[in-house]
Structures are given as structure tokens and as C-alpha cells.
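Colleague: build the 3D model from these lines:
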Amino acid sequence: MKKSSIVAAELLDGIAFLLWLYGSSLALIRHGIELSLWLMTLAVVFSFSVRVFPLLGIRWLRLEKMGCRFGQLVAIILQVVSWGTFAYAMFLRLGRNMNLFFTLVTLTTLLWASWLLIFIYSRHACHPQKSDDTLKEMTQTKLFVNEKREDS
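Modeller: Residues are numbered from 1 along each chain as shown. Coordinates of the predicted model:
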């Protein structure tokens, strides 16, 4: 079977997304209460930290170069756009424009989900397959050994 290769940065991205989902759902259900704003802001700070800290030298958050670089670039662009829509939504919440605030929170959720899916897909599904599949190797070895026995 193939080994799981999820790294700390991807795990933190997933946790930040779950935190965002909880905060945004709370904001939409409870009409933008303060707790939801704090949860959404915390999720964006986690997400931002995962992208910026490796540039500042924190090694355990670095991602090895693998997969489709174009997909990762698209994901990062979508991530920055989602941060921008969140910032604008918070500005609108401050001005009590709730209808547009709810629309932008929903748009940010869709952007966040799309960049996360594109990012994970471009890192794991697009990279060339390694020969980590032990079951496949064992099956091929058994077939080879059985063919040798039949030939003898």
C-alpha cells in the first residue's frame, strides 16, 4: 500500500479550513456574532502563517517540491483572493452592511474550499507515481516466481 505523505503544513491548512467552516457557519446562522468573527480571523491567521512562516525560515512548515507547480500557483492565487474577500467582508461587517457581508463570507468559503482542493490535488494526485506500492510489488514478485517454477 502507498504510504501517507501529508505534512504539517497540509494538516494545518485542513485545520484552518475546518475552523473557517465553523466560524462562517456560525456567522451565517447567528447573523455575524463576534465569536464567529474571531473564529474566521483565527482561521485566516493560521492559513497566512502556514504560507509566510516557511519564507521566514521555519523549516517544519516547508513543503517539498512535488506535484504540479501550475496547480499550486493557481491555489496560492485563489488563497490570496480569499484573504482579500475576507478582509473586505470584515470591513463591510464593521459598517453593518450585513447582506453583502453574508455574500462575501459565502464567496470566501467557496474560494477557500476550491484552493484547498486544487492545492491538495496538485500536490498528491499530479505527481508521478513512485514504486511505493508494496502490494503491487509483492504480487509481481509472486507471479514471477510462479512462472519460474512452471518453466522448470
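Colleague: for the rest of this, base every contact and every neighbour count on C-alpha atoms.
Modeller: Fine.
Colleague: for the protein, which spans come out with low pLDDT?
Modeller: 1-4, 126-152 (pLDDT under 70).
Colleague: could you find the closest non-adjacent residue to the residue nearest to the spatial centre of it?
Modeller: By CA atoms, centre = their mean, the chain has its centre lying nearest to Leu116, at 3.3 Å. Nearest non-adjacent residue to Leu116, counting by CA to CA, 6 or more residues apart in numbering: Ala75, 6.9 Å away.
Colleague: tell me the secondary structure for the one you found?
Modeller: Per DSSP: H, G, I helix; E, B strand; the rest coil, the secondary structure class of Ala75 is helix.
Colleague: ok so, going back, if I look at the residue nearest to the centre of the chain, how far off is Arg51?
Modeller: 13 Å (CA to CA, to the nearest Å).
Colleague: also Gly14?
Modeller: 13 Å.
Colleague: likewise Ser5?
Modeller: For Ser5, the distance to Arg51 - CA to CA - is 19 Å.
Colleague: please apply the same query to Val105.
Modeller: As judged by CA to CA, Val105 and Arg51 stand 21 Å apart.
Colleague: who has more neighbours out of the two?
Modeller: Val105 (26 against 18; other CA atoms under 10 Å).
Colleague: isn't the more buried one right next to Tyr88, touching?
Modeller: No: Val105 lies out of contact with Tyr88 (CA atoms under 8 Å); the separation is 9.6 Å.
Colleague: give me the neighbour count for Leu11.
Modeller: Quick note: Leu11 (other CA under 10 Å) scores 12 neighbours.
Colleague: and the helices in this structure, which stretches?
Modeller: 8-29, 34-52, 69-94, 98-124, 134-151 (DSSP state H).
Colleague: could these be laid out in TSV, adding distance to Arg59?
Modeller: Below are these laid out as TSV (distance: least, CA to CA, whole Å):
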stretch	distance to Arg59
helix 8-29	10
helix 34-52	11
helix 69-94	19
helix 98-124	18
helix 134-151	30
